[in-house]
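Asks: Need a 3D model of the following:
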Amino acid sequence: MSNGKPKLRTRALEIYALTACLGALSFFAIDAGIGIYHVIGAVCPTLTVGGWDISRHESDEAFLEDLNYRQRLAEGKPVPPRDQIPAMRAASWARTLRRERLENLVKTLETTIGVLVGLTVFVIHWRIASRARQEVAA
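Replies: Okay, here's the model as predicted:
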């Protein structure tokens, strides 16, 4: 009977390790998918920029509305001349794309770290499961 208990413990250890491997693989798959999205955003930020930023830069009128141009004009606050609005909108769009690219690069780094952690957890627990399986077979 004492001969069965170590095998039972070893079998439980193997089940634990394989469960951890499944969790690590799930985490790895999800994190890899998110990482691919961020790589795409870093390479081509126009694909991942948010809807608010897009609608804000679609036209000079939308850009002026975002600047509260009419309200500032009515209140006597300083406003940029209308002929400078296209250049201001273009500069703002360039800043938005730079920000989006930088954010995606940072998130790519974060997800790469997550993938490496998931891979490490998987390898460690796979070795534990393999050893436990060899002990049960012996």
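Asks: Please name the nearest non-neighbouring residue to residue 103.
Replies: Closest residue to residue 103 apart from its sequence neighbours, by C-beta to C-beta, 6 or more residues apart in numbering: residue 41 at 7.7 Å. Backbone N, C-alpha and C define where each C-beta goes, glycine included.
Asks: and the one you found, what does it touch?
Replies: Residues counted as contacts of residue 41 (C-beta atoms under 8 Å, 6 or more residues apart in numbering) are 47-48, 100-101, 103-104, 107.
Asks: Buried subset of those residues, written for ChimeraX?
Replies: Buried members of those can be picked out in ChimeraX with the line below, counting by 16 or more other C-beta atoms under 10 Å:
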select :48,100,101,103,104,107
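Asks: Out of the contacts of residue 41, which comes closest to residue 56?
Replies: Taking C-beta to C-beta as the measure, residue 56 lies nearest residue 100 of these, at 13.1 Å.
Asks: Surely that closest one is in contact with residue 48?
Replies: Yes - using C-beta atoms under 8 Å, residue 100 makes contact with residue 48 at a distance of 6.3 Å.
Asks: Run a quick neighbour tally on residue 87.
Replies: A count of nearby residues for residue 87, using other C-beta atoms under 10 Å, gives 10.
Asks: ugh, wrong one, I meant residue 62
Replies: For residue 62, using other C-beta under 10 Å, the count is 14.
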